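Peer 1: Provided below are the primary sequence and the corresponding predicted coordinates.
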Amino acid sequence: MSGRLVALAGGVGAARFLDGLVQVVDPDRITAVVNTGDDMVLHGLHISPDLDTVTYTLAGVHNEATGWGVTGETWTVMGALARLGGETWFSLGDTDLATHLFRTQRLSAGATLSEVTDELRAAWGIGVRLLPMSDDPVRTRLTLGTEDDGDGAEVEVEVEVDFQDYFVRRRHSVPVRAVRFDGAEAARPAPGVLAAIEEAEVVVACPSNPVVSIGPVLAVPGVRPALVDRRADVVAISPIIAGSALKGPADRLLAELGHESSVVGVARLYAEWAGTLVIDEADRGRADEVERAGVRCVVAPTVMSTPARAATLAEVVLGARR
């Protein structure tokens, strides 16, 4: 492949795929458009979890033990905050805090999220171009179906919470009735996002949660139509294998929102804008169903248990489009 490539990214699965992709494609030819629906403000700091996960992974410092932050992290600030009785449900390591302090200071000085993201990318020596999906605030909000009554019993409720409240504080263990992307209608794609999609030789939808990682990116006006126009060159990777997600709540979210939690369900969600879906060998028996959903199906090992397997998957994806 000699042209440019765009990856729609969110979370650990996307970061692992990108880490494999840079082994087979010149990083300078890759643009990652990253979900920011998970962003939050905590302790007065602007935190961008998916951007940071992708950044730390490509920099080779992602903390695999915790799933967030950097390797070799220390927790002095969180320990002191706990002693003071502060909020510690969202753990931030000392080195990770420096990223959020830098981002917040630059944003308060008038920089855009795109500009700050590029400054952090350069500071870590990353060749991949990293773009937030938008410089405007878009926040994933989930309506929950039950809640702990404080005594350990679940009671029926209808309460809307931010993504990190659902994902971290409640450990994504409560049923979800609805998802919306607050601010999406008024948001604009970050500078360079639409041009990157239009000019790419191939667009990859990484194996990220279809609802809360890929969904927010698609909700930004202009992104979905740009993908529809390039549909034949869009290759998606299913994050669902044999009906389950390897990590996180993607399988449960799909089912709770009325979709089939399977590669067929993913194919139906993506068919409008993705011409090809890569599914795992465990789902080989459903390949015909995927194709009947209107998406070309490619079967390959998709579990990225090592960097070498991530690179192999990247090679499959690059050869998979129509």
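Peer 2: Right, received. Where do you want to start? This is a predicted model, so every value here is computed, not measured. Numbering: from 1, shown residues only.

Peer 1: name the element Gln105 belongs to?
Peer 2: Per DSSP states H and E: Gln105 is located in helix 94-108.

Peer 1: and for Gly60?
Peer 2: Using DSSP H and E, Gly60 falls outside every helix and strand.

Peer 1: for it, phi and psi?
Peer 2: phi 80, psi 20 (degrees, to the nearest 10).

Peer 1: any idea how far it lies from Ile30?
Peer 2: Here Gly60 is placed at a distance of 16 Å from Ile30 (C-beta to C-beta, to the nearest Å). Glycine gets a C-beta too; all of them are placed from N, C-alpha and C.

Peer 1: is Glu160 in a helix, a strand, or coil?
Peer 2: strand (DSSP: H, G, I helix; E, B strand; the rest coil).

Peer 1: before we move on, the earlier item: of Gly60 and Ile30, which one has the most company?
Peer 2: Ile30 (22 against 12; other C-beta atoms under 10 Å).

Peer 1: contacting residues around the residue nearest to that one when sequence neighbours are not counted?
Peer 2: Closest residue in space to Ile30, ignoring its immediate chain neighbours: Val128 at 4.6 Å, by C-beta to C-beta, 6 or more residues apart in numbering. Neighbouring residues of Val128 by C-beta atoms under 8 Å, 6 or more residues apart in numbering: 18, 22, 27-28, 30-32, 58, 121.

Peer 1: mind pulling up the pLDDT for Val128?
Peer 2: Val128 is assigned 98 on the pLDDT scale.

Peer 1: how far away is it from Gln23?
Peer 2: 12 Å.

Peer 1: for Cys297, same thing?
Peer 2: Following C-beta to C-beta, the distance that separates Cys297 from Gln23 is 25 Å.

Peer 1: neighbour count winner among the two?
Peer 2: Cys297 (23 against 14).

Peer 1: can you name the residues that contact the nearest residue to Pro239 once chain neighbours are set aside?
Peer 2: The shortest distance from Pro239 to any non-neighbouring residue, by C-beta to C-beta, 6+ apart, is to Pro207 (4.2 Å). The contact partners of Pro207, by C-beta under 8 Å, 6+ apart, come to 13-14, 17, 237-239, 302, 304.
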